[in-house]
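Q: just coords:
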Ligand SMILES: Nc1ncnc2c1ncn2[C@@H]1O[C@H](COP(=O)(O)OP(=O)(O)OP(=O)(O)O)[C@@H](O)[C@H]1O
Ligand SMILES: Nc1ncnc2c1ncn2[C@@H]1O[C@H](COP(=O)(O)OP(=O)(O)OP(=O)(O)O)[C@@H](O)[C@H]1O
Ligand SMILES: [Mg+2]
Ligand SMILES: [Mg+2]
């Protein structure tokens, strides 16, 4: 009898995941350490730049006095609603623009114009239309987050493999089924990219909205701390936002990779 | 002899192009007309909202007194440099992140953090590092524009058809040739999307930078007009920016379509 | 003695809501609320936090604020036709900006040709700089205007040597001095003569609907100011603990200033006319406007 | 450089002794197919017409140049219920185009297509296609690629999986249900493509070179499975193939397409008794049909084809 | 449900009378091929070994499960300069994997691959591949797909276009240079794929079912072109095919792979005189080889294969 070659089970995937997390964390750690050193050797002005250790102290303060949580809840609400509505509206708009030539021809330029309209200039309108409460902030987050979604989805729809559309149609797929079973999986990378860009823009939108006219939230906290020279607190706020950004990005990326796992690795090496 | 069917030459493409331009323009026109009507019937507050006709008058004023051109040149410089540098830096970063797993693992989280770091909070640092001149504005534009490029390109690299990479490698393509002949054409839709998003973000960045610390430029003009309740002039400025946005978007979109013309139309209908 | 106080005694439920637009960390209003002075008047004062005068005016026009206290944009807004009326003044209503230079400067004239940051267009700071410059015999074009804002950004610009002088609030000026990289070279107040910079306004509709609330508000406001003036230490402590102000700086600025506060809330008409004139000269108010202080001020709600 | 042996021109259809013009088949009384098996060959002519193509013209418009290239030129063809018809023809002549038009995926400019006497305006559940390219959904594992059509028709996943199991077995892909398409060999992908269509159990099967990527053994296995399936259930099949022996083995009729633009060069009846076994390939009758078909194709290629 | 006739197990290689174990070919004195034509068959044994595969094992790691599926299991094979070798085997047995490994595209876990006695670590210009899937660059027109390899090697576009012109003609695609791949039929795409590889004029040609999507006529034309090309220039060719007649017609040796994991079941020399014409297919000798190959494959499929 012939002896057939057998390979032992590999746990490469697990090892790779751990290694990559370690690598990413260590780069950030390295950055923090250099920053701390710069600070300790007085190479930066403590009036404007804090240091990781002081930021941690500031973080502990705002965690224990409850103000971080309180602000986080408010900013969180603004973000979740703004981002959520952006997805709810941006999705269908992007898809329709991508799918229907006529709709694209009609509304494409209009949306391009909206996208490039400086929000700051229209702040008074925002206040008049949406007030100074949470609504105006949600609208700002929405406007910050929605365009990457629209544009990315629109383009995604035009890159779908025609052969697969043919398959779906041949098997009697309705337009909605074509969308669900072909367009959605194909455009997933675009979609996730849109969501990732939208998430970070949305976070910045929250902060901007609160800096410009807020009475609460992380952005307000940052703004107020800045104007009262509490630099450590400013950086603590920034850190919270950046960390949220990493977490969201990481989650979305993993999510995307999970659904995209059918793709073999790109073998350029 | 058999008579072979022959079809007359079709000029569908040309007709479609004209029709789509007309359609897009008419939607914008319709919007402007409704706006003017709202204004004429005093359904909006003229203190904060201008009307198309008054914006045109304001535009004529700032064109004839030369202030528009002067500000446009300054803002234009900031945009071109910021956008240009964003492309120059964002491109290779995005590609490297997409192509090399190790680099992605190392710097992905760091970039995600940077992306979500609220610029407003770090303005003092910007001033200290980049001063108050054009450099700091270019940096702000750069930071606004670069992330869509990085993220979109990164993802694009992971969606390349492995079969084509194989073909390229089988024919002895160097890594750079694989990039040029396979990765670039495949990722074109992603690339153009990135450029489109970056363009509009960059425009907003210019305005924001000038509003925050400018002494010239369209953003400064808008800010000044706004704080003195010259609403017509504010809208004139906004219109100029929005129009620039449409033009850039349209150009990039056409550009993308030109290079993507090999794709058959998606046949969902 | 008045209707508000009576109704306040009847029960909590009938308090009148007053939305007051001002910047974050405003001392009198926060303190007054904390002390319950407004509640005594049957008022439930909610602070609408805004970042500047223009926004305050916009918020009023949008129906988001009933009353508000800010600087000169209120005049600009009222002159431009926003339906608001000036009803009083905060305790320190003069021009309070200072010109802070790098420490090596001895004289304003030495700044000629140098980069300076007088703040964003439309802000009172620019007016202040121009007025000082004019008094010293210079034109605005004699300086290199750059805009680093007026707060922390301006401070950073000064410290980093990106500008040689900034116009800012006294607080920031003092901070710069304490840190050792700035020096208060000039005080705008010295050049403005009769000049009123800050105002309290109410929207015309609120005045029409709830004149008693306006009256009650001003009464409670005055009570607060009088109390603070009498207890500057308590004021500073409050600012530091509750408003998280930087203690050293705050104390240095306010220890002397609070006892000099003007408590009447009265408008300086001559000063206001002067302000209007300056704003017209700057183009912030339409130069052809016929607006006068009398038209936009109504002092009848101030307590006697 | 070698000269091309073949020159392009249009010629009248070559007519052979056994050629039957498809269009002149007239409607016959409906014969019920009860799934219990196929009637003897002679009765096929009495079956109702399942698929009726009349004067079909299909052109591809090149948007850039504005020119339309005609791929299928006035094809007329009737296929009766339960018939197995194959199309052969030169590469690029228009076979796939024709099949895709019947599937409702490619628009035609003239003529009409009827299935069950209803004009076809788009794809329908009455037809299923095995595409020339496997065109599997790369994000679905083999199992769920096979159930794709079933899922679209609303079948529950569990039921679909069960039904698919049969076809996984039929195409000999047991053990590969959980592989993604890119983990399969070319022939395996094609078999998934086949199973996907068979699983839908459509009235009309449209097969575009379903066995092209299979080795001789596997091909024979699959041919036998298809034969058995069709003879048992009496499906109507229209298949494109390049293997003339395959065409003869499986078909009731072999249609020979001319070079592009495709029209019907010949329509040859294969009256070999069913059920057939691949052993018949060695029979004289079988060879006769093969030679005849070969002659028609070659004749066309030499005198009027282009590749 | 029909029972699968075939069961999986590993058996020793079937050895036939004409089978030559590939590994025992020892180095022969170099014979210069001057492009003026191919030496008579006997002298082939004196040619240097061009392609040497030793104990090759290739497995695919499934990252999700961590399991490695072995596709090619200890294949040893020497191919001499100017030899034409074909591989036949069941669908999914590992032929493409083997070819791709030689092309340097798939990593092997054990053993070694040498070309010109140098160990292969990646793709190289000395080899060119015709992929099983056409894998054309969809954004390049036919013309520029054919010149792709030439452009990569640094040839100027004009020169490349001229050279490509010859191969456009060879694969009978004149007039389609300006079409995009999606505007071609399946067979036309495959011919572009072929032309792209031929245009590169590599020392070793690796062909993975290059004619599978072609009709009988076109296939024969292409076979003849390839035969002529190889006999004239004396290329070393390793080709996968499913058509046994094609294998016999073209090859000096036919390698039969076992079912997965693939090893060499048999290595059959075809000592038919060259130049060959497709007419030889009717000869007794030809039939003999076909039957022999068929028997080996069938034997393996029945006793030990899986599909
Ligand atoms: N990229 C891949 N990842 C994982 N497994 C693969 C991959 N490619 C092929 N395989 C597996 O390896 C085995 C051999 O595949 P290969 O493509 O070499 O077969 P083949 O002999 O070329 O078959 P065919 O004649 O059908 O093309 C198959 O079982 C297949 O599932
Ligand atoms: N989507 C398309 N757009 C434009 N032209 C096309 C398209 N598809 C096919 N063609 C053209 O139509 C003709 C017929 O193509 P078709 O695919 O029907 O050929 P075929 O008979 O199936 O050939 P093969 O046997 O090679 O698959 C070809 O000349 C081809 O170039
Ligand atoms: Mg075809
Ligand atoms: Mg293969």
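A: Thanks, I have it. Since the structure is predicted, the reported quantities are computational estimates derived from the model, not experimental observations. Residues are numbered from 1 along each chain as shown, chains lettered A, B, ... in the order given. Ligands and ions are numbered 1, 2, ... in the order given.

Q: by contact count, what packs against the least confident helix or strand in chain A by mean pLDDT?
A: Of all the helices and strands that make up chain A, helix A:123-130 has the lowest average by mean pLDDT, DSSP states H and E, namely a mean of 81. When contacts are defined as 3 or more Cβ pairs under 8 Å, 6 or more residues apart in numbering or on different chains; DSSP states H and E, helix A:123-130 packs onto helix A:134-158, helix A:184-213, helix C:53-61. (Glycine included, C-beta is placed from N, CA and C.)

Q: before we move on, which element is residue 252 in?
A: Using chain A here. With elements delineated by DSSP states H and E, residue A:252 resides in helix A:231-259, which encompasses its position.

Q: other chain: chain C
A: Secondary structure from DSSP H and E places residue C:252 in helix C:247-257.

Q: about what we covered before: I'd like the helices and strands packed on helix A:123-130 as JSON lines, with mean pLDDT, mean neighbour count and distance to chain E appended.
A: Written out in JSON lines, the entries for the helices and strands packed on helix A:123-130 read as follows (pLDDT from 0 to 100; neighbours: other Cβ atoms under 10 Å in any protein chain shown; distance: least, Cβ to the nearest Cβ, whole Å):
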{"stretch": "helix A:134-158", "mean pLDDT": "90", "mean neighbour count": "26", "distance to chain E": "14"}
{"stretch": "helix A:184-213", "mean pLDDT": "89", "mean neighbour count": "26", "distance to chain E": "15"}
{"stretch": "helix C:53-61", "mean pLDDT": "84", "mean neighbour count": "27", "distance to chain E": "52"}
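
Q: Relative to residue E:251, which of the ones you listed is closest?
A: Shortest separation from residue E:251 across those is recorded for helix A:184-213, at 41.8 Å, computed as Cβ to Cβ.

Q: wait, does the next helix or strand after that closest one make contact with chain B?
A: Following the chain from helix A:184-213 toward its C-terminal end, the next helix or strand by DSSP H and E is helix A:218-227. Yes: against chain B, helix A:218-227 shows contacts by Cβ under 8 Å from any Cβ of the partner chain at A:219, A:222, A:223, A:226.

Q: which intervals of the chain have sub-threshold pLDDT?
A: Here I'm looking at chain A. For chain A, the stretches flagged by pLDDT under 70 are A:1-2, A:264-269.

Q: could you do chain D instead?
A: Across chain D, the stretches falling below the confidence threshold (pLDDT under 70) are D:1-45, D:278-279, D:301-307.

Q: Just say helix, strand or coil for the residue in the stretch 51-200 of chain D positioned nearest to chain C.
A: Distances between the stretch 51-200 of chain D and chain C by Cβ to the nearest Cβ are smallest at residue D:139, namely 48.9 Å. Secondary structure of residue D:139, reduced to three states by DSSP: H, G, I helix; E, B strand; the rest coil: coil.

Q: Phi, psi for it please.
A: Torsion angles at residue D:139 (phi, psi; degrees, to the nearest 10) stand at phi -90, psi 0.

Q: Looking from ligand 1, tell me which residue of the stretch 51-200 of chain D is nearest.
A: Nearest to ligand 1, among the residues of the stretch 51-200 of chain D, is residue D:187, at 2.5 Å (Cβ to the nearest ligand atom).

Q: pretty sure that residue belongs to a helix, no?
A: Yes: under the criterion used here (three-state DSSP), residue D:187 sits inside a helix.

Q: what sits against it?
A: Applying Cβ atoms under 8 Å, 6 or more residues apart in numbering or on different chains to residue D:187 gives the contacts D:213, D:214, D:215, D:218, E:91, E:92, E:242.

Q: just to revisit the earlier point, after the helix holding residue C:252, which helix or strand is next?
A: Sequence-wise, the next helix or strand beyond helix C:247-257 is helix C:269-282, with elements assigned using DSSP H and E.

Q: Just the buried residues of that next one, please?
A: Of all the residues in helix C:269-282, those buried under the rule 16 or more other Cβ atoms under 10 Å in any protein chain shown are C:271, C:272, C:273, C:274, C:275, C:276, C:278, C:279, C:280, C:282.

Q: If you count contacts, what does the lengthiest helix in chain D end up packed against?
A: Counting residues, the longest helix in chain D under DSSP state H turns out to be helix D:284-303. Using 3+ Cβ pairs under 8 Å, 6+ apart as the contact criterion, the elements in contact with helix D:284-303 are helix D:244-250, strand D:253-257, strand D:264-269, helix E:216-233.
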